[in-house]
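In: got a sequence here, can you build the structure:
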Amino acid sequence: MNVLTRADIMAMADYGKVRAEKRREIAQVKRNRRVEVGPFATFYFENRATMWHQVHEMLFIEKGGEDQIADELAAYNPLIPNGRELVATVMIEIDDERRRRTVLARLGGFEETMFIRFGEHEVAGVPEDDIDRTTADGKASSVQFVHFPFTEAQAAAFKRGASGAGEAVVGVGHPNYAHMAVMPAAVRESLAADLD
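Out: Predicted coordinates for the structure are as follows:
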């Protein structure tokens, strides 16, 4: 696993000088790592570059200094794909606060229902286990972190398909949010690079 270490973290004064450039660069990377599924859910597939940027942004904004670095690395390193998985931050994006609360109240267990399907393969999402993403009263969090662990055969098939053989679908099978979307070819090609 290609985790971030303290040696990868820039001094914040130096990061501030290149921040605008780094934000433009990461926007380009993220463009081919995003899939909208249904009306509200967006899957943002992470990699080392997106997590490097996230750690730096948190340090820059929160200004916690050296004491904050270890916490940010501990929080974001688990979201870097380990060579046999894809990892997504899934956001339920609803601008209207009242509507957002109503929808989230109906989506308990949402984090257990995500999948990627391609050819004869289906990879079930496994939620990040740092905290419960559904409250005791059944309300889902608007931010989910999900791992998609591939077998060797699934990884090989996904990579073969990235060259144009068949389509991949990203989906949610929750009874109150059953939606799927075809993964654009450019996204699949980008994600195939995450699999060793």
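In: for the helix-or-strand element of the chain with minimal mean pLDDT, name the packing helices and strands.
Out: Lowest by mean pLDDT, DSSP states H and E among the helices and strands of the chain is helix 152-161, with a mean of 90. Applying 3 or more C-beta pairs under 8 Å, 6 or more residues apart in numbering; DSSP states H and E, one finds that helix 152-161 makes contact with strand 114-118, strand 121-124, helix 185-192. Where C-beta positions appear, they are placed from N, C-alpha and C, glycine not excepted.
In: which of the ones you listed sits closest to Gly173?
Out: Closest approach to Gly173 among the helices and strands packed on helix 152-161 (C-beta to C-beta): strand 114-118, 6.6 Å.
In: contacts for the least confident helix or strand of the chain?
Out: The contact list for helix 152-161, computed with C-beta atoms under 8 Å, 6 or more residues apart in numbering, reads 84, 116, 118-119, 121, 123, 150, 167-168, 188, 191-192, 195-196.
In: distance between it and the chain's centre?
Out: Chain-centre distance of helix 152-161: 20 Å, with C-alpha atoms, centre = their mean, to the nearest Å.
In: try stretch 139-159
Out: Chain-centre distance of stretch 139-159: 9 Å, with C-alpha atoms, centre = their mean.
In: got the end-to-end distance for it?
Out: Criterion C-alpha to C-alpha, to the nearest Å; first-to-last residue distance in stretch 139-159 is 36 Å.
In: which positions within it qualify as buried?
Out: Buried residues in stretch 139-159, counted by 16 or more other C-beta atoms under 10 Å: 139-142, 144-150, 154-155, 157-159.
In: and stretch 45-60, by the same measure?
Out: Buried residues in stretch 45-60, counted by 16+ other C-beta under 10 Å: 45-48, 50-59.
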